[in-house]
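1. No sequence on hand, only this structure:
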């Protein structure tokens, strides 16, 4: 009787361990940071312009200039990206800090607080360019490619923009499920009780 109980306990432990260590990657995860390697911008239905640019977009906080990308200067004008809770048309209270999540091979990121800044001779302006973005996510390499379309109002000669970001996502650690810990502690209690009874 004692031998069969030990055999049963050993088999349960092996099955549990096999389930824990052979489980595939999590199907849903929280994005903590986007390590950006490339950007694509298309304005007013014109073909998009793509360029490689390294940057970091941290989720859950606002990033002032120049923390996402180093500013770019062209013809005396400096272009930069930042996130802010400043008011903009359609959202007088500002937007929440960026957040993101993955679900299998899909990614969604709330970028409503993303702004572009332009400074130069006779020009100092910011424009909200963010919207909720969606795209693909590689569960093996954490590579992502997200895009969104932003309609513009009140900007002469600019009606809409299509934007995309690509790079690698950093994900929050997924804790061991409480059910697994409860199962292991329950097995230990059964073994202890069985030993006391024998």
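-> Yep, it's here. The structure presented is a predicted model; accordingly, all values stated were derived computationally and were not measured.
2. so how far is the first residue of stretch 36-55 from its last?
-> With C-alpha to C-alpha, to the nearest Å as the measure, stretch 36-55 spans 5 Å from end to end.
3. likewise stretch 62-82?
-> 8 Å.
4. all strands for this protein, in order.
-> Across the chain, reading from the start of the chain, the strands by DSSP state E fall at 28-43, 49-58, 72-74, 77-83, 99-103, 106-110, 114-120, 123-128, 132-137, 143-151, 160-171.
5. closest one to residue 91 among those?
-> Closest of those to residue 91 is strand 123-128, at 7.8 Å (criterion: C-beta to C-beta). In short, each C-beta sits where N, CA and C put it, glycine included.
6. tell me what that closest one is packed against?
-> Under the contact criterion of 3 or more C-beta pairs under 8 Å, 6 or more residues apart in numbering; DSSP states H and E, strand 123-128 touches strand 114-120.
7. tell me which residues of the strand it packs on are tucked away?
-> 114, 115, 116, 117, 119 (16 or more other C-beta atoms under 10 Å).
8. One more: stretch 164-176?
-> For stretch 164-176, the neighbour count (16+ other C-beta under 10 Å) marks 164, 165, 166, 167, 169, 171 as buried.
9. try stretch 127-147
-> Neighbour counts using 16+ other C-beta under 10 Å place 128, 129, 130, 131, 133, 135, 137, 142, 143, 144, 146, 147 of stretch 127-147 among the buried residues.
10. Out of those residues, which is nearest to residue 97?
-> Comparing the buried residues of stretch 127-147 against residue 97 with C-beta to C-beta places residue 130 closest, at 11.1 Å.
11. Give me the pLDDT value at that closest one.
-> Here the pLDDT value assigned to residue 130 is 95.
12. Who are the contact partners of residue 153?
-> By C-beta atoms under 8 Å, 6 or more residues apart in numbering, residue 153 lies in contact with 89, 90.
13. Ok, the one 5 residues further on next?
-> By C-beta under 8 Å, 6+ apart, the residues touching residue 158 are 43, 44, 152.
14. what's the neighbour count on the second one?
-> Residue 44 has 11 neighbouring residues, counting by other C-beta atoms under 10 Å.
15. these two touch, right, it and residue 155?
-> No. With contact defined as C-beta atoms under 8 Å, residue 44 and residue 155 do not form a contacting pair (10.4 Å).
16. With adjacent residues omitted, what lies nearest to residue 75?
-> Counting by C-beta to C-beta, 6 or more residues apart in numbering, residue 120 is the residue found nearest to residue 75 once chain neighbours are left out, at 7.9 Å.
17. Just grab the bridge partners of that neighbour for me.
-> Beta-bridge partners for residue 120, by DSSP bridges, are residue 123.
18. Can you tell me how far it is from residue 71?
-> 11 Å (C-beta to C-beta, to the nearest Å).
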